[in-house]
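Peer 1: quick check, what structure comes out for this input:
(2 chains)
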Number of protein chains: 2
Amino acid sequence: MSGRLTVIGLGPGNADQVTPEASRAVAEASFFYGYKPYLDRLDLRPDQTRIASDNREELSRAKDALVKAAQGHDVAVVSGGDPGVFAMAAAVCEAIEAGPAEWRAVDVAMLPGITAMLAVAARIGAPLGHDFCAISLSDNLKPWDLIELRLLAAAGAGFVIALYNPISKARPWQLGRAFECLTAILPGTTPVVFGRAAGRPDERIEVFLLADADAEKADMATCIIIGSPETRIIKRGEKPALVYTPRSAAGPRK
Amino acid sequence: MSGRLTVIGLGPGNADQVTPEASRAVAEASFFYGYKPYLDRLDLRPDQTRIASDNREELSRAKDALVKAAQGHDVAVVSGGDPGVFAMAAAVCEAIEAGPAEWRAVDVAMLPGITAMLAVAARIGAPLGHDFCAISLSDNLKPWDLIELRLLAAAGAGFVIALYNPISKARPWQLGRAFECLTAILPGTTPVVFGRAAGRPDERIEVFLLADADAEKADMATCIIIGSPETRIIKRGEKPALVYTPRSAAGPRK
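Peer 2: From the prediction side, this is the model:
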């Protein structure tokens, strides 16, 4: 008998940004798998069971959840932000593809959430207002060379760039190196937004110019948005500045 | 006396995917500016006023809303999806930058929503599971050459590509041309997801291979996700196939 596995996006961390769909799925599931800080956001009943695991254990967490669902249980895997963006939805798919046939019979549903770049962008204006890309800066699962290639390709073609997983204790130099790469092809006046914990009590949103961007000011919970040459800053006196990328763009630079 | 202008993201069109934050903002505002189909999603009270405008009138809508807010009113501008992704947040910022000083004194807030690519991705698996970009295929506000340059840069560097505004009566050939461009550098077996009206009663999510992708099957409400060479399809017998991009990637192709 096959159960159900729902991968739930909890958004940036503010209860006000959790969709009703996600909240209902939390109310309905029996077993909850996730990274502990995400599970800690849930207000579970005594009949609901939580199984916490560490940050780096995504694939084994996905497998454990599929085993439980294949036994006929109603299982949730929780993610911060959107589960489809550098999060658990892909890990669950990887596990299904490599796993036993019975895992393909599990009813799987992914429920979207507000991903970090959207929350950060909203707090500062509209930096993602035109073509943009999202890059995970973690070189745990891909070679650093590929990350540099993508940074240069994206910036060279005029995309705004959102960086996820910018820095950690085990990856201390990558963000500084990314800024160096981008400085080679973007103006030093390009706006860079450091958005930490958007929508949470400890939120901190800061705007720098690329020439002054300091990787040390970021941590694991920071999403960084690097403008394109079109991105602009609107000063508003005592009100916080707005950063936005216009809806229109000029042609390729000759 | 300055009022308030809130740019509200209503998500893909399913009430279950509207955040509580957005719903509260709708309850609080007095004047609502937006494209008619988005305004039609709201259940307004008799004391709330709606001002509908056409699809292509984003800048004049933003200006009208700022005039009203600067008079001291509580004004909402509504967007489908996320207002920061090819939507009203950037138009409002453009208007503020070009407008009178009093518009900079208006309290402006953007409230994020589930954007189409996240909703479509969730319904099919995790095609945005690794580095990806979002490109508006409309050449109303940028030259077509720039769009081709971005398509090729993104596909060449291994990004998954989400296409917004893929086709309209006034832009009939652009999507077909985009598929042709991409066919030059991506395998014909690359998965392509056509996601229409995700989460709504008229939802239609279909998966093709790039070699078979037919632009005629898309309309204005379709978001198209073109995989990278790493993107995979998991067949599941009677259940719908899953499409996902693994969390890990190999190095640059030599």
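
Peer 1: please make it C-alpha for all contacts and neighbour counts, starting now.
Peer 2: OK.

Peer 1: what is the neighbour count of A:D202?
Peer 2: As a burial measure, A:D202 scores 8 neighbours (other CA atoms under 10 Å in any protein chain shown).

Peer 1: distance-wise, check it relative to A:T222.
Peer 2: Separation of A:D202 from A:T222 (CA to CA, to the nearest Å): 12 Å.

Peer 1: what residues are shared contacts of the two?
Peer 2: Contact criterion CA atoms under 8 Å, 6 or more residues apart in numbering or on different chains; residues shared by A:D202 and A:T222: A:R196.

Peer 1: pull the number of nearby residues for the residue in chain A positioned nearest to chain B.
Peer 2: Going by CA to the nearest CA, chain B is nearest to A:C133 of chain A, at 3.8 Å. By other CA under 10 Å, 25 other residues sit near A:C133.

Peer 1: what sits opposite it in the beta ladder?
Peer 2: Taking DSSP bridges as the rule, A:C133 bridges to A:I161, B:C133.

Peer 1: so what's it up against?
Peer 2: A:A154, A:F159, A:V160, A:I161, A:A162, B:D131, B:F132, B:C133, B:A134.

Peer 1: now the residues you listed as JSON lines including distance to B:A116?
Peer 2: Listed next are these as JSON lines, based on distance: CA to CA, whole Å:
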{"residue": "A:A154", "distance to B:A116": "21"}
{"residue": "A:F159", "distance to B:A116": "19"}
{"residue": "A:V160", "distance to B:A116": "18"}
{"residue": "A:I161", "distance to B:A116": "19"}
{"residue": "A:A162", "distance to B:A116": "18"}
{"residue": "B:D131", "distance to B:A116": "17"}
{"residue": "B:F132", "distance to B:A116": "14"}
{"residue": "B:C133", "distance to B:A116": "13"}
{"residue": "B:A134", "distance to B:A116": "10"}
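
Peer 1: reformat the residues you listed as a markdown table; add pLDDT and distance to B:R171.
Peer 2: Below are the contacts of A:C133 laid out as a markdown table (pLDDT from 0 to 100; distance: CA to CA, whole Å):
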| residue | pLDDT | distance to B:R171 |
| --- | --- | --- |
| A:A154 | 98 | 25 |
| A:F159 | 98 | 22 |
| A:V160 | 98 | 25 |
| A:I161 | 98 | 27 |
| A:A162 | 98 | 29 |
| B:D131 | 98 | 28 |
| B:F132 | 98 | 24 |
| B:C133 | 98 | 21 |
| B:A134 | 98 | 18 |
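
Peer 1: give me the buried stretch members for stretch A:104-122, please.
Peer 2: Neighbour-count burial for stretch A:104-122, counted by 16 or more other CA atoms under 10 Å in any protein chain shown, picks out A:104-106, A:108-122.

Peer 1: kindly report the same for stretch A:15-33.
Peer 2: Neighbour-count burial for stretch A:15-33 flags A:15-23, A:25-26, A:29-33 (criterion: 16+ other CA under 10 Å).

Peer 1: can you check stretch A:3-13 too?
Peer 2: For stretch A:3-13, by 16+ other CA under 10 Å, it's A:G3, A:R4, A:L5, A:T6, A:V7, A:I8, A:G9, A:L10, A:G11, A:P12, A:G13.

Peer 1: in helices only, show me the buried residues of stretch A:15-33.
Peer 2: The helices, defined by DSSP state H, take in A:P20, A:E21, A:A22, A:S23, A:A25, A:V26 from the buried residues of stretch A:15-33.

Peer 1: could I get those residues as a markdown table with pLDDT?
Peer 2: Shown next, in a markdown table, are these (pLDDT from 0 to 100):
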| residue | pLDDT |
| --- | --- |
| A:P20 | 98 |
| A:E21 | 98 |
| A:A22 | 98 |
| A:S23 | 98 |
| A:A25 | 98 |
| A:V26 | 98 |
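
Peer 1: out of those residues, who's near chain B?
Peer 2: A:P20, A:E21 (CA under 8 Å from any CA of the partner chain).

Peer 1: out of the ones in helices among the buried residues of stretch A:15-33, which comes closest to B:G72?
Peer 2: Using CA to CA, A:P20 comes nearest to B:G72 of these, at 32.0 Å.

Peer 1: what's the burial count for the closest residue to A:W173 other than its chain neighbours?
Peer 2: Leaving aside its chain neighbours, A:W173 sits nearest to A:I167 (7.6 Å; criterion: CA to CA, 6 or more residues apart in numbering or on different chains). By other CA under 10 Å, the residues close to A:I167 number 24.

Peer 1: ok, A:E216 next?
Peer 2: Residues within reach of A:E216, counting by other CA under 10 Å, total 11.

Peer 1: could you do the one 4 residues further on as well?
Peer 2: Under the neighbour criterion other CA under 10 Å, A:M220 is assigned a count of 13.

Peer 1: residues contacting A:T6?
Peer 2: A:A25, A:V75, A:A76, A:V77, A:V108, A:A109, A:M110, A:L111.

Peer 1: hang on, isn't the fourth one packed against A:V7?
Peer 2: Yes. At 4.7 Å, A:V77 counts as touching A:V7 under the criterion of CA atoms under 8 Å.

Peer 1: any common contacting residues for those two?
Peer 2: What both A:V77 and A:V7 touch, as defined by CA under 8 Å, 6+ apart, is the set A:M88.

Peer 1: and the helices in chain A?
Peer 2: Using DSSP H, the helices assigned to chain A run over residues A:20-28, A:36-39, A:58-70, A:88-98, A:101-104, A:116-124, A:144-156, A:174-183.

Peer 1: look up the closest residue to A:F194, ignoring the ones flanking it.
Peer 2: A:I224 (4.8 Å).

Peer 1: nope, A:V193 is what I was after
Peer 2: In space, A:V193 is closest to A:V207, 4.6 Å off (CA to CA, 6+ apart).
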